[in-house]
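Colleague: sequence plus the predicted model coming up.
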Amino acid sequence: MTSAARKFTIKVPCTSSNIGPGFDVVGLSLSLYLTLRVTVDPSSTNTSPKLSYTGLGAEEAPLDAYKNLTTRTALYVLRSNNVQAFPTGVDIQVHNEVPFGRGLGSSGAAVVAGLLLGNELGQLNLQKDRLLDHALMIERHPDNVTAALMGGFVGSYLLELSPEEEERRDVPLSEVIPEYPPNASFDWGTNPPSPPHNIGHYIRFGWSPQIKVIAIIPDFQVSTASARSVLPQTYSKSDLIFNLQRLAVLTTALTRTPPDPFLIYQAMQDKVHQPYRKNLIPGLPDVLASVTPQSHKGLLGICLSGAGPTILALATEGEERIVEDVVRTFREKGGIERCDAKVLKVTEEGAVVSYD
Ligand SMILES: Nc1ncnc2c1ncn2[C@@H]1O[C@H](COP(=O)(O)OP(=O)(O)O)[C@@H](O)[C@H]1O
Ligand SMILES: N[C@@H](CCOP(=O)(O)O)C(=O)O
C-alpha cells in the first residue's frame, strides 16, 4: 500500500533590522514574503529534493538542494535531530518577493523557511523557540531570524555560550552539511550535534497602528557579509552610550499613539553601523539628512534597513513626498538611477506553515 502525498505551504516575511540604533538587536517583520509550496510523495524514488524558483532571485538561487541556503538549512535541522537525509519525493516550488542583498532579510527568510521545511519533512514537531536555537547556529545575529520566525517588532539577545557550546556554534555550515549531492557511496559521517537550548531570548514590542513603513530599495546589492566587514572591532564609550540611550527610548516610542516625531526622529540616529557603511552606499549621508520631521510633514524617522542599501522611513503621512525626495537624493548625490519603493505592513504572525 502506498501512502498519500503530503502537501504544505511555508510562508516567511521579510525583515528590516536595526531601525537605527538597534544594531543586531531589533527586527521588524514586513509584508514581502518567501513562499514554499512543498509536496512529499513517498511513492517517488527521487532522493534529492526537486527545487524550482519564481520571483526575485530566480536566476541566482541555486536549484541544487545541497547548495541552496533553504534546503541546506532544512538538512541541518534534519541531521542535527538524527534524521540522516531528506525523505524521498520532495518537490519544492519557491516564490520569492524578497530582493536579495538589499537589507530586507532575504537570507534570514531563507534560513527560517529552511527551519520550518526541515521540521515538517522530518515530522520533528519542534516548536518555534527550539527552531530559533537552530537558526542561531547558522545566522550569527538574531535580529532578522527572530523577527521572521516570530513576527512583529522584536528585540532579541543571544546568551553567552560556554566554551564547549561556542565550539559547537562555530562549526561552519559547510562542515556539517555536505555541499554536493551524495551518491550511493557517500559517507555522511556523524550527524551534527543538536544546538544548545534557549540560546536566543526575545520579546515582542507593540507597534503603533498609525506608523507606516516605507522601504526605498536601490537597484543594487550589498552583501551583509561585506557590510559587516567594514565595521570596527571596538567602539568608543560615547558612541555606545549614544546608541543605548536612543534604543531604550525608541522601542517604547514606536508603540505610542499618536507617535511623537521629534522623539522618534532623534531616537533613530545611530553611531554604530550606518556611518561605517556610507562608502558602500553612495549618497547615504545625504539621503538620511534629506528628510526630517521639519522638512516632511508626517516623517517620524529614517534609517538604513539592515545592512542596506534599502532606506527605511517611518511616517504617519506624506509617503509620496518622502519617496520622491529620497529617490531624487540617491540619484543626485549618489548617482543611483533606479530605486523601487514600497509601503509595507508589519506582519503579526511571522513564519507560518499551512497544510492543504
Ligand atoms: N530565497 C533564497 N533562496 C536561496 N538563497 C537565498 C534566498 N534568499 C537569499 N539567499 C542568499 O542570501 C544572499 C543574500 O543575503 P545577504 O547578503 O545577507 O542579504 P540580505 O539578507 O540583506 O538580503 C543571496 O545572495 C543568496 O545567496
Ligand atoms: N544587524 C545586521 C542585519 C543584517 O540584515 P540584512 O537584512 O542586511 O541581512 C547588520 O546590520 O549587519
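Modeller: Everything's here; your move. Note that the coordinates shown come from a computational prediction; the quantities given were computed from them, not determined experimentally. Numbers count the residues shown, from 1 in each chain. Ligands and ions are numbered 1, 2, ... in the order given.

Colleague: look up how far Pro163 lies from Gly306.
Modeller: 30 Å (CB to CB, to the nearest Å). From N, CA and C alone the C-beta is placed, and that goes for glycine too.

Colleague: which of those two has more neighbours?
Modeller: Shown here are Gly306 and Pro163; by other CB atoms under 10 Å, Gly306 has more neighbours (31 against 6).

Colleague: got a pLDDT number for that one?
Modeller: Looking at Gly306, its pLDDT reads 97.

Colleague: and for it, nearest residue in space, chain neighbours not counted?
Modeller: Gly103 (3.4 Å; CB to CB, 6 or more residues apart in numbering).

Colleague: for Val90, same thing?
Modeller: That would be Pro49: by CB to CB, 6+ apart, it lies 3.8 Å from Val90.

Colleague: list the contacts for the one you found?
Modeller: Pro49 makes contact with 65, 71, 86, 90-92, according to CB atoms under 8 Å, 6 or more residues apart in numbering.

Colleague: would you tell me which strand is longest in this protein?
Modeller: strand 22-40 (DSSP state E).

Colleague: could you point out which element follows that one?
Modeller: strand 50-55 (DSSP states H and E).

Colleague: ligand 2 contacts on this structure?
Modeller: 17-18, 23-24, 103-105, 107-108, 141, 143-144, 224, 227-228, 273, 306-307 (CB under 6 Å from any ligand atom).

Colleague: distance check, Val343 against ligand 2.
Modeller: Distance, Val343 to ligand 2, by CB to the nearest ligand atom, to the nearest Å: 18 Å.

Colleague: correct me if wrong: that residue contacts Glu319.
Modeller: Yes - look at Val343 against Glu319 with CB atoms under 8 Å: they come within range, at 5.7 Å.

Colleague: nearest to ligand 2 among the contacts of Pro49?
Modeller: Thr71 (19.4 Å; CB to the nearest ligand atom).

Colleague: who's in contact with Thr257?
Modeller: By CB under 8 Å, 6+ apart, the neighbours of Thr257 are 208-210.

Colleague: what kind of secondary structure is Asp325 in?
Modeller: Assigned with DSSP: H, G, I helix; E, B strand; the rest coil, Asp325 falls in the helix class.

Colleague: quick check: end-to-end length of stretch 51-66?
Modeller: Across stretch 51-66, the terminal residues are separated by 11 Å (CA to CA, to the nearest Å).

Colleague: for that stretch, which positions count as buried?
Modeller: By neighbour count with 16 or more other CB atoms under 10 Å, stretch 51-66 contains the buried residues 51, 53, 55-57, 61, 65-66.

Colleague: that stretch and ligand 1 in contact?
Modeller: Yes - contact of stretch 51-66 with ligand 1 (CB under 6 Å from any ligand atom) involves 57, 61.

Colleague: make 176 the starting number, not 1.
Modeller: All right, first residue 176 from here; so that's stretch 226-241.

Colleague: and that stretch, average pLDDT?
Modeller: For stretch 226-241, mean pLDDT is 95.

Colleague: what does stretch 185-200 give?
Modeller: 98.

Colleague: now it: buried residues?
Modeller: For stretch 185-200, the neighbour count (16+ other CB under 10 Å) marks 185-200 as buried.

Colleague: now stretch 292-306
Modeller: 292-297, 301, 303, 305-306.

Colleague: how near is Met213 to ligand 1?
Modeller: Not quite, residue 213 is Val, not Met. Distance, Val213 to ligand 1, by CB to the nearest ligand atom: 14 Å.

Colleague: the residue in the stretch 426-531 of the chain that ligand 2 sits nearest to in helix, strand or coil?
Modeller: Of all residues in the stretch 426-531 of the chain, Gly481 sits closest to ligand 2, at 2.7 Å by CB to the nearest ligand atom. Per three-state DSSP, the secondary structure class of Gly481 is coil.

Colleague: name the nearest residue to the closest residue to ligand 2 within the stretch 326-475 of the chain, sequence neighbours excluded.
Modeller: Relative to ligand 2, the nearest point of the stretch 326-475 of the chain is Thr399 (4.0 Å; CB to the nearest ligand atom). Nearest residue to Thr399, sequence neighbours excluded (CB to CB, 6+ apart): Ala482, at 4.4 Å.

Colleague: give me the beta-bridge partners of Ile267?
Modeller: Val213, Leu226 (DSSP bridges).

Colleague: any idea how far the closest residue to Asn294 other than its chain neighbours lies from ligand 2?
Modeller: Once flanking residues are discounted, Asn294 sits nearest to Leu301: 5.1 Å by CB to CB, 6+ apart. The gap separating Leu301 from ligand 2 is 24 Å, by CB to the nearest ligand atom.

Colleague: residues contacting Leu301?
Modeller: 252, 256, 294, 309.

Colleague: quick one: secondary structure of Leu475?
Modeller: Secondary structure state of Leu475, per three-state DSSP, is strand.

Colleague: isn't it up against Ile439?
Modeller: Yes - contact criterion CB under 8 Å: Leu475 and Ile439 qualify, at 4.4 Å.

Colleague: mind listing the shared neighbours of those two?
Modeller: Joint contacts of Leu475 and Ile439 (CB under 8 Å, 6+ apart) are Leu489.

Colleague: show me which residues of the stretch 376-525 of the chain sit near ligand 1.
Modeller: Taking CB under 6 Å from any ligand atom as the contact definition, the stretch 376-525 of the chain meets ligand 1 at 398-399, 481-482.

Colleague: I should have written the stretch 226-375 of the chain there, sorry.
Modeller: Near ligand 1, when you scan the stretch 226-375 of the chain using CB under 6 Å from any ligand atom, you find 232, 236, 243-245, 271, 275-283, 285.
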